[in-house]
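Colleague: sequence-free structure coming up:
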Ligand code: A3P
């Protein structure tokens, strides 16, 4: 299938409302609900807004998931650099099994979203009770769920959580491009970038609100006893070596002096770089991931593209909202 045709597919988590369990139907009938820009219902559950099929997957997860202490969970708000984080963590954790190189590494033939799968948008959508017991340790998973929903389901397991955060304005612009690429364009014809800004300010949109999610993970990362590492996309761009070493330290697999001397850190960064991943055949034309053509996860990367898209007024509104929500928390977006 042509990549451009692939883009027209509907993401699996987006609108599928068949096969909801009675439990999910009952829950939905008790939850606050709002319409999205297409008139589809969104439901607020444990502080975040979901379409019914995602909610069903979350219930499946909460009921059936059994954490292992060695599990590693990558959390983020969509468009914060999840794909990059997945690639990096996979490469770092498995570097003894798969030497980082540009010749024969799983990341060269498979999309990061297939190597580290989403809990609520993939594993538990396709299967009410996926068999995760056979997976070797450490198991890697990813999620866009807020801390409270994830944490409850881990049932006090000390497994590690890495959170990737990105400037809200770049997240919004990235989401805008992603959405208008993966969702049929005609659905977007009456929905402007300004509407998306207003939705962010109101806080009602799928998997949002961004600011509540970021703030909670930030606060949890400051509690010493919590195994939560807070990473920032902008810091990854600015000082990738430092950040990858920090990541490896947190995951309990620090780089040895020998690895540092022999350039392992740089090789991992090169393997996971935007330039390398976005040019791989598998990520240009490969089969879709969660209903999304893989190339939609790579647009341009980098910091500050919002300046090319948001008006002063839109940026001002977002800054004001962030200041109101995050002011005093110590978390700032430059
Ligand atoms: P832009 O749309 O600003 O280019 P997510 O992975 O959470 O969906 O986030 C997607 C964003 O991360 C997109 O941002 C995408 O281009 C960028 N991205 C994907 N892979 C990357 C990489 N290896 N390095 C840096 N940025 C990357």
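Modeller: The structure has been received and is ready for your questions. Bear in mind the structure is a predicted one, so any value in this text is a computation, not a measurement.

Colleague: hey, where'd the strands end up in this structure?
Modeller: Using DSSP state E, the strands found in the chain span residues 33-35, 41-45, 48-50, 72-76, 117-118, 140-143, 160-165, 228-232.

Colleague: out of these, the one nearest the ligand is which?
Modeller: strand 72-76 (5.7 Å; C-beta to the nearest ligand atom). (Glycine included, C-beta is placed from N, CA and C.)

Colleague: so which elements touch that closest one?
Modeller: Packing partners of strand 72-76 (3 or more C-beta pairs under 8 Å, 6 or more residues apart in numbering; DSSP states H and E): helix 82-93, strand 140-143, helix 147-154, strand 160-165.

Colleague: could you dump those to a markdown table with mean neighbour count, distance to residue 258 and mean pLDDT?
Modeller: Output for the helices and strands packed on strand 72-76, formatted as a markdown table (neighbours: other C-beta atoms under 10 Å; distance: least, C-beta to C-beta, whole Å; pLDDT from 0 to 100):
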| stretch | mean neighbour count | distance to residue 258 | mean pLDDT |
| --- | --- | --- | --- |
| helix 82-93 | 24 | 16 | 98 |
| strand 140-143 | 24 | 25 | 98 |
| helix 147-154 | 18 | 35 | 92 |
| strand 160-165 | 24 | 24 | 98 |
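
Colleague: could you dump the ones you listed into CSV with distance to residue 27 added?
Modeller: Below are the helices and strands packed on strand 72-76 laid out as CSV (distance: least, C-beta to C-beta, whole Å):
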stretch, distance to residue 27
helix 82-93, 27
strand 140-143, 19
helix 147-154, 13
strand 160-165, 25
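
Colleague: looking at these, spot the one closest to residue 212.
Modeller: Counting by C-beta to C-beta, residue 212 lies closest to helix 147-154 out of the helices and strands packed on strand 72-76; the figure is 9.7 Å.

Colleague: the closest one versus strand 41-45: what angle between them?
Modeller: If you take axes from the mean of the first three to the mean of the last three C-alpha atoms, to 10 degrees, helix 147-154 sits at 70 degrees to strand 41-45.

Colleague: which strands or helices does helix 147-154 pack on?
Modeller: Secondary structure elements in contact with helix 147-154, counted by 3+ C-beta pairs under 8 Å, 6+ apart, are helix 52-64, strand 72-76, helix 210-222.

Colleague: now the shortest one: how far from the chain's centre is it?
Modeller: Taking C-alpha atoms, centre = their mean, to the nearest Å, one finds strand 72-76 lying 8 Å from the centre of the chain it belongs to.

Colleague: each with direction, which strands does it pair with?
Modeller: strand 140-143 (parallel), strand 160-165 (parallel) (DSSP bridges).

Colleague: my read: residue 129 touches residue 62, true?
Modeller: No - counting by C-beta atoms under 8 Å, residue 129 stays clear of residue 62, with 12.0 Å between them.

Colleague: sorry, back to before: can you list the strands paired with strand 72-76 in a markdown table and add distance to the ligand?
Modeller: As requested, the strands paired with strand 72-76 are exported to a markdown table (distance: least, C-beta to the nearest ligand atom, whole Å):
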| stretch | distance to the ligand |
| --- | --- |
| strand 140-143 | 9 |
| strand 160-165 | 7 |
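
Colleague: would JSON lines of those strands with distance to residue 246 be doable?
Modeller: Output for these, formatted as JSON lines (distance: least, C-beta to C-beta, whole Å):
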{"stretch": "strand 140-143", "distance to residue 246": "18"}
{"stretch": "strand 160-165", "distance to residue 246": "10"}
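
Colleague: tell me which of the ones you listed lies nearest to residue 286.
Modeller: The nearest among those, by C-beta to C-beta, is strand 140-143 at 18.0 Å.

Colleague: what does stretch 49-64 contact?
Modeller: Here stretch 49-64 makes contact (C-beta atoms under 8 Å, 6 or more residues apart in numbering) with 12-17, 19-21, 23-24, 27-28, 34, 40-43, 45, 119-121, 123-125, 127-129, 145, 149, 152-153, 204-209.

Colleague: just to revisit the earlier point, among the helices and strands packed on strand 72-76, which comes closest to residue 279?
Modeller: helix 82-93 (13.5 Å).

Colleague: related to what we said a few turns ago, would JSON lines of the helices and strands packed on helix 147-154 with mean neighbour count, mean pLDDT and distance to the ligand be doable?
Modeller: As requested, the helices and strands packed on helix 147-154 are exported to JSON lines (neighbours: other C-beta atoms under 10 Å; pLDDT from 0 to 100; distance: least, C-beta to the nearest ligand atom, whole Å):
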{"stretch": "helix 52-64", "mean neighbour count": "22", "mean pLDDT": "96", "distance to the ligand": "16"}
{"stretch": "strand 72-76", "mean neighbour count": "25", "mean pLDDT": "98", "distance to the ligand": "6"}
{"stretch": "helix 210-222", "mean neighbour count": "20", "mean pLDDT": "97", "distance to the ligand": "12"}
